[in-house]
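Trainee: Pasting a predicted model and its sequence here:
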Amino acid sequence: MAKEKKACYKNKARPDEELKDLLHRLNRIEGQVRGIKKMVEESVYCPDIMIQIGAVTSALNSVGRILLLSHVNTCVWNDLKTGKKEALDEIISAFNKIAK
């Protein structure tokens, strides 16, 4: 008998358009990070690297905002409609993590 592996997170079905957009953004961020690594390896001037780090940080914040808005409009909204008030604590916690 195989043990069932439990996830430490919940799953969410994402609309195809949202999934495609998020993956596109994350792939672009991944490429930017590889570019930064190459810049460091090639001893590029520090301010030039910092500009790229700022661009990646901004792009990651954008992905976070998209996810947060999606979560509020779907999961939190549905939980509140069914009386699950702990959804507010969860969204406040999530917001605090990306707002730093």
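Mentor: Good, I have the coordinates.

Trainee: Just the buried residues of the helix or strand harbouring Lys37, please?
Mentor: Secondary structure here is read from DSSP states H and E; on that basis Lys37 sits in helix 16-41. Applying a neighbour-count criterion of 16 or more other CB atoms under 10 Å, one finds 29, 32, 36, 39 buried in helix 16-41. The C-beta positions use only the backbone N, C-alpha and C, and glycine is treated the same way.

Trainee: Spatially, what comes nearest to the residue most central in space within the chain if we skip its sequence neighbours?
Mentor: The C-alpha lying nearest the average C-alpha coordinate of the chain belongs to Gly64 (CA atoms, centre = their mean; 4.1 Å). Spatial nearest neighbour of Gly64, chain neighbours left out: Ile98 (4.1 Å); criterion: CB to CB, 6 or more residues apart in numbering.

Trainee: And for Asp48?
Mentor: According to CB to CB, 6+ apart, the nearest residue to Asp48 is Met39 (6.9 Å).

Trainee: Next, the buried residues of stretch 82-96.
Mentor: Counting neighbours by 16+ other CB under 10 Å, one finds that the buried residues in stretch 82-96 are 87, 91, 94.

Trainee: Let's see that stretch as CSV, backbone CA atoms only.
Mentor: The C-alpha coordinates for stretch 82-96 follow below in CSV (Å, rounded to 0.1, in the frame of the first residue of the first chain):
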residue,chain,number,x,y,z
THR,A,82,-19.8,30.9,2.5
GLY,A,83,-19.0,32.5,5.8
LYS,A,84,-15.3,31.5,6.1
LYS,A,85,-14.1,34.7,7.8
GLU,A,86,-10.5,33.2,8.2
ALA,A,87,-10.1,34.1,4.5
LEU,A,88,-9.6,37.7,5.6
ASP,A,89,-6.7,36.7,7.8
GLU,A,90,-5.2,34.7,5.0
ILE,A,91,-5.4,37.5,2.5
ILE,A,92,-4.0,40.0,5.0
SER,A,93,-1.0,37.7,5.6
ALA,A,94,-0.5,37.2,1.9
PHE,A,95,-0.6,40.9,1.3
ASN,A,96,1.9,41.6,4.1
